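Colleague: mind looking at a prediction? Sequence and model below.
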Amino acid sequence: MSTTEQPLHGLLTRDPAVVAAGAELFADALRDQAVPVADVEWRPPMDGTGEALATVLADPRLTEANALALERITSAEAELVRVAPASEALGLQRGEFLHSGPPLTWDRASGPMRGALIGAMLFEGLAATEEEAVERLSGPDISLAPCHSRGAVGPMAGVISPSMWVFELRDPVHGTVSHCSLNEGLGKVLRYGAYSEEVITRLGWMRDVLGPVLAEAVERHGPVDIKAYLSQMLQMGDEGHNRNRSATLMFLRDLLPHIVAQVGEGGRNTDDIAEVCRFVGANDHFALNLVMPACKLAMAAAKDIPGSSVVVTMARNGTDFGIQLSGTGDQWFTAPANTPEGLFLGSYGPEDANPDIGDSAITETAGMGGFVMAAAPAIVRLVGGDVDFALTTTRTMYEITLGEHPALQVPILEFRGAPVGIDAVAVARTGVLPQINTGMAGRVAGTGQVGAGLVTPPAEVFVQALRALADRVSATDGRTP
């Protein structure tokens with residue numbers, strides 16, 4: 001055997017080359033002795049995932065399945081094609097309500113979810129009082145289902161009732177559609193669990209004026225390219241979850257001529273048109289309800305790929321946090337939702353905040369929101385943290401995602417593509433959880449918004465998801481069923 005074939009030859013005569021992983025104590029001791037050390041970041045796998053992780057990693061379909069999922073996510077388009085009542089667009093019947101997050105029953109509903117459902121009952125005329133609404137919601141005549149079960153999304157409580165108007169977005173590449181309610185603004189609003197007379201009156205105006213005006217404007221304009229908004233807003237300081245100022249103004253810019261054109265054409269008076277323009281323009285969050293279904297379309301394109309470990313849904317209902325994987329179909333994996341930590345409005349404090357709620361984490365699932373806080377450093381003034389935290393968070397999210405989105409670029413990171421395609425395998429291997437920034441609803445029904453902050457999913461949902469994916473791998477022996 002030659003000396004070049006002997007790996008230990010010369011070990012004691014050469015300067016050592018040391019690679020350190022894990023605890024820093026050993027590396028620091030060597031550095032104190034002037035020994036160069038190359039650090040390799042390593043974390044133990046998430047508790048409870050060892051066997052499932054090994055099974056999934058051994059699946060020969062995994063790499064190709066995840067590559068296909070990433071290609072579908074990044075190639076998906078999103079066009080706003082119409083605005084219509086939920087009864088028409090989603091087929092909702094009287095007494096049917098959609099809500100955010102995984103499946104939920106009234107008896108397990110949190111305060112803000114209960115408040116939003118009570119408000120929806122009052123708005124639909126299914127109850128005359130709060131007490132009557134609670135009694136009917138406790139009975140068998142009212143149907144509750146997740147927005148995601150209809151391919152829709154809803155922010156915070158996410159309640160959609162038949163008379164509410166919704167945006168309808170279409171992905172012309174993959175042929176799917178998604179819907180989302182119209183945004184009410186901030187503060188005392190239904191989605192945060194408020195249901196006062198002011199809230200119901202606003203919903204009535206949105207039904208009678210805002211919805212029809214926007215519907216006609218979109219029909220006059222033709223399809224509106226919402227995916228283009230996503231890429232532009234990252235260049236303009238928005239991250240698409242809690243900061244949507246630029247996208248809201250781009251939307252108003254594109255539709256304004258078609259809104260104003262409705263004056264004097266046998267329909268709208270100037271007061272209605274002026275109020276629509278004021279309402280949209282003054283509501284920085286209005287475009288959130290366009291960003292969310294656009295992100296939903298991207299993730300819907302990656303659903304149902306056998307063997308894929310990509311997370312296609314993250315959603316919360318105020319009680320449970322749930323995820324779905326591409327390779328496990330419509331199965332939900334749930335655990336108790338964490339409570340966000342952040343900044344509070346007025347005299348509210350941590351004791352007033354409800355656990356995490358809303359479908360708006362679809363933005364992080366698609367590489368927006370908390371994943372691209374580096375593109376929107378001003379967001380930390382709303383949710384807590386600092387600019388360094390925003391930069392570190394975005395860089396960290398690359399560790400648990402499949403790739404970079406070519407159309408969504410982060411300027412401060414030299415226009416690097418946004419981290420996209422959360423990989424449940426990577427989450428389990430690193431222990432790094434997806435970062436979400438979010439609004440906070442009051443724990444008590446009727447309170448409304450109490451603040452905004454940061455939150456992560458409970459680790460248990462990834463443990464469940466990997467075990468379920470491993471079971472499918474074992475059942476098919478790694479073959480496409």
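Modeller: Okay, I see it.

Colleague: drop to CA atoms for contacts and neighbour counts, all remaining ones
Modeller: Noted.

Colleague: residue boundaries of the strands in the stretch 1-150 of the chain?
Modeller: Secondary structure of the stretch 1-150 of the chain, counting by DSSP state E, counting those that start in this stretch: strands at 18-21, 37-40, 79-85, 96-99, 143-146.

Colleague: before we move on, what SS does L210 have?
Modeller: helix (DSSP: H, G, I helix; E, B strand; the rest coil).

Colleague: wait, it touches V276, no?
Modeller: Yes: using CA atoms under 8 Å, L210 makes contact with V276 at a distance of 6.0 Å.

Colleague: of the strands of the stretch 1-150 of the chain, which stretch is the most buried?
Modeller: Comparing those by mean neighbour count (mean count of other CA atoms under 10 Å), strand 96-99 comes out on top with a mean of 24.

Colleague: helices or strands up against that one?
Modeller: strand 143-146 (3 or more CA pairs under 8 Å, 6 or more residues apart in numbering; DSSP states H and E).

Colleague: change it to 10 Å
Modeller: Counting by 3 or more CA pairs under 10 Å, 6 or more residues apart in numbering; DSSP states H and E, the packing neighbours recorded for strand 96-99 are helix 86-89, helix 111-123, strand 143-146, strand 152-153.

Colleague: now do the SS call for I323.
Modeller: I323 ends up strand, using three-state DSSP.

Colleague: what's the burial count for the residue nearest to it when sequence neighbours are not counted?
Modeller: Here the nearest residue to I323 in space, its sequence neighbours aside, is M314; by CA to CA, 6 or more residues apart in numbering that works out to 4.5 Å. Neighbour count of M314, defined by other CA atoms under 10 Å: 28.

Colleague: what ranges do the strands span in the stretch 301-450 of the chain?
Modeller: With strands called from DSSP E, counting those that start in this stretch, the stretch 301-450 of the chain shows them at 311-317, 320-325, 333-336, 341-344, 357-358, 401-410, 416-422, 436-441, 449-455.

Colleague: for stretch 406-422, measure first residue to last.
Modeller: Stretch 406-422 has its terminal residues 16 Å apart, counting by CA to CA, to the nearest Å.

Colleague: before we move on, what about stretch 306-317?
Modeller: 27 Å.

Colleague: mean confidence (pLDDT) on that stretch, please.
Modeller: Over the span of stretch 306-317, the pLDDT mean works out to 98.

Colleague: nearest to F415, of the strands of the stretch 1-150 of the chain?
Modeller: Closest approach to F415 among those (CA to CA): strand 79-85, 24.4 Å.

Colleague: need the pLDDT of V40.
Modeller: At V40, pLDDT is 57.

Colleague: now swap in T270 and tell me
Modeller: pLDDT at T270 comes out at 93.

Colleague: quick one: it and V209 touch, right?
Modeller: No: counting by CA atoms under 10 Å, T270 stays clear of V209, with 12.0 Å between them.

Colleague: more crowded one of those two?
Modeller: Higher neighbour count among T270 and V209: V209, with 16 against 13, using other CA under 10 Å.

Colleague: give me the element the residue lying closest to that one once chain neighbours are set aside is part of.
Modeller: Using CA to CA, 6+ apart and skipping the chain neighbours, the partner closest in space to V209 is D272 (7.0 Å). Using DSSP states H and E, D272 maps to helix 270-282.

Colleague: what's that helix in contact with?
Modeller: With contacts defined as CA atoms under 10 Å, 6 or more residues apart in numbering, helix 270-282 is touched by 183-185, 205-206, 209-211, 213-214, 245, 248-253, 255-256, 259-264, 286-287.

Colleague: report the buried members of those residues.
Modeller: 183-185, 206, 209-211, 213-214, 245, 248-252, 255-256, 259-260, 262-263, 286-287 (16 or more other CA atoms under 10 Å).

Colleague: from the residues you listed, which ones fall inside strands?
Modeller: For those, not one is inside strands, with DSSP state E as the criterion.

Colleague: just checking, which of those residues belong to helices?
Modeller: Cross-referencing those against helices under DSSP state H gives 211, 213-214, 245, 248-252, 255-256, 259-260.

Colleague: quick check, V260 in contact with R268.
Modeller: Yes: V260 lies in contact with R268 (CA under 10 Å); the separation is 9.3 Å.

Colleague: can you work out which residues contact both of these two?
Modeller: Common neighbours of V260 and R268, counting by CA under 10 Å, 6+ apart, are V213.

Colleague: circling back to that earlier point, give me the common contacts of L210 and V276.
Modeller: Taking CA under 10 Å, 6+ apart as the criterion, L210 and V276 do not both touch any residue.

Colleague: for the residue nearest to I323, what are its contacts?
Modeller: 101-102, 321-325, 332-334, 358-366, 434, 436, 457, 461.
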